[in-house]
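Enquirer: here is a sequence with its predicted model. Questions after.
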Amino acid sequence: MRMIIAALLVAGVGVTTMAAQESGRPVSKAPAAMTAPVNLNTATAAQLESLPGIGPATAQRIVDYRQQNGGFKKVEELMNVRGIGEANFLKLKTLVSITPPKTDRAAAQ
């Protein structure tokens, strides 16, 4: 009986995926963890919106925070952005990265 239920579940997933492809609807993308992390200091608002739970307004607040504070120095600063609390940060921390913001000394070299 368990084998029959398992087979039906697998078949159902396959049919759902095929139906979505035929209807022109996008099939879910690979998890974001499979791609390179989004760099908080260089990402565009559109790239930030690709992160789970980040919409246009929050993406713009991240960009604004970055500009006002000279970039992110550590990933945890993301929690300083309005709309990103600890729970949301925990979902995002493996999906984002930072490169140190450029300083005048680094730019002169």
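Expert: Perfect, I can see it now.

Enquirer: can you pull out the helices in the protein?
Expert: Counting by DSSP state H, the chain has helices at residues 2-23, 45-49, 56-68, 86-92, 104-108.

Enquirer: which residues of the protein score low on pLDDT?
Expert: Within the chain, the segments meeting pLDDT under 70 span 1-34, 101-109.

Enquirer: let's see that with 50 instead.
Expert: The chain contains residues with pLDDT under 50 at 6, 8-20, 27-33.

Enquirer: name the nearest residue to Gly55, sequence neighbours excluded.
Expert: Setting aside the residues directly before and after it, Gly55 is nearest to Glu49 in space (CB to CB, 6 or more residues apart in numbering), at 6.5 Å. The C-beta positions use only the backbone N, C-alpha and C, and glycine is treated the same way.

Enquirer: ok, that neighbour - contacts?
Expert: Applying CB atoms under 8 Å, 6 or more residues apart in numbering to Glu49 gives the contacts Gly55, Pro56, Ala59.

Enquirer: now list the buried members of those.
Expert: For these, a burial check counting by 16 or more other CB atoms under 10 Å picks out Ala59.

Enquirer: dump the contacts of Glu49 to TSV, plus distance to Pro37.
Expert: Shown next, in TSV, are those (distance: CB to CB, whole Å):
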residue	distance to Pro37
Gly55	19
Pro56	21
Ala59	16
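
Enquirer: out of the contacts of Glu49, who's nearest Ile98?
Expert: Ala59 (16.0 Å; CB to CB).

Enquirer: contact partners for that closest one?
Expert: Ala45, Ala46, Leu48, Glu49.

Enquirer: likewise Leu90?
Expert: Applying CB under 8 Å, 6+ apart to Leu90 gives no contacts.
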